[in-house]
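Student: What would the 3D arrangement of this be:
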Amino acid sequence: QAQLVESGGGSVQAGGSLRLSCEVSGFSLDYQVIGWFRQVPGKQREGISCSMPDAGPTYVDSVKGRFAVSRDKVRNTVFLQMNGLKPEDTAIYYCSTVCTSVAGPEHMGKFSWGQGTQVTVTS
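Tutor: I've put the predicted structure just below:
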């Protein structure tokens, strides 16, 4: 059974950095895409990055140039390095076995998700 566990969230001042981790089990990163998402209360869960096993990562425009995804197959972990953080980056961040621009109800039951990790950026 696929499992994902996020960690690394916290509170940071604007301009600071955080590195989120998504540790996976039950499947191999060699063959699986991993999507990073974020969600604020009352809004949809937004896809911000997609890490693919056989291609370079993709990013939504709002994080391009500031966020970077990497994979460590030995540790079965996907990382999201976040630099130049802004208050509007404040959200709960999730990783998943799906890549999509907006995660809807159809994605919740069909794909695996982590529990989320809170990121708070203060001005």
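
Student: After the helix or strand residue 47 falls within, heading C-terminal, what element do we hit next?
Tutor: Per DSSP states H and E: residue 47 is located in strand 45-52. The helix or strand immediately downstream of strand 45-52 is strand 55-59, counting by DSSP H and E.

Student: residue closest to the middle of the protein?
Tutor: residue 36 (2.5 Å; Cα atoms, centre = their mean).

Student: Buried residues in the strand holding residue 47, which are they?
Tutor: The neighbour-count check on strand 45-52 (16 or more other Cβ atoms under 10 Å) flags 45-51 as buried. (C-beta placed from N, C-alpha, C; glycine too.)

Student: circling back: angles on the backbone of the residue nearest to the centre of the chain, please.
Tutor: Torsion angles at residue 36 (phi, psi; degrees, to the nearest 10) stand at phi -110, psi 140.

Student: Look up which residues are beta-bridged to it.
Tutor: Per DSSP bridges, the residues bridged to residue 36 are residue 49, residue 95.
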